[in-house]
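[1] following is a predicted model, sequence given first.
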Amino acid sequence: SAPNVWEQVLALRPAMRLTVQPDLLPPADFIRVMAVCAEALACAFEDPVLYSKGLADLLGSMAVQEARQHLSWLEDGLASLNPGVSGSCTRVPERARVQRVLADWPALTASLRGTLAALWEAL
């Protein structure tokens, strides 16, 4: 039989709750911090000095602390949606893919929030 639409909507409630949280929006310097980290990782084996300099420029900055808090919040929120899924990564993503995700991050989060807000309102 066809799945019940209302059961599917109710199953989405935790995701909707997560996406309307103000903490879903990344801190002001999040994209810059993540781009520096991605570049530093890409340079780690090619030029260890450049790697060290890129990370040293970030150490102790409030931007890094805010980015870490945001990622921790996001990881906890996503884990609550998929309790049986492990968040460990077995490989380092390619530089180009990381750059695309970082470039698209604001638009993706805005789209997700807008879609789920519209669904919530329609209910």
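    All right, it came through fine.
[2] confidence-wise, which helix or strand of this structure is lowest on average?
    helix 48-58 (a mean of 69; mean pLDDT, DSSP states H and E).
[3] off-centre distance for the helix or strand containing Ala40?
    According to DSSP states H and E, Ala40 maps onto helix 30-43. Remark: helix 30-43 is offset 14 Å from the chain centroid, using C-alpha atoms, centre = their mean, to the nearest Å.
[4] alpha carbons of that helix, in CSV - could you do that?
    This file holds the C-alpha atoms of helix 30-43, laid out as CSV (Å, rounded to 0.1, in the frame of the first residue of the first chain):
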residue,chain,number,x,y,z
PHE,A,30,32.5,30.2,8.9
ILE,A,31,33.1,30.0,5.2
ARG,A,32,36.5,31.7,5.4
VAL,A,33,37.6,29.5,8.3
MET,A,34,36.6,26.3,6.5
ALA,A,35,38.2,27.5,3.3
VAL,A,36,41.5,28.1,5.2
CYS,A,37,41.2,24.7,6.8
ALA,A,38,40.5,23.0,3.5
GLU,A,39,43.5,24.8,1.8
ALA,A,40,45.7,23.9,4.8
LEU,A,41,44.8,20.2,4.5
ALA,A,42,45.4,20.3,0.8
CYS,A,43,48.9,21.8,1.3
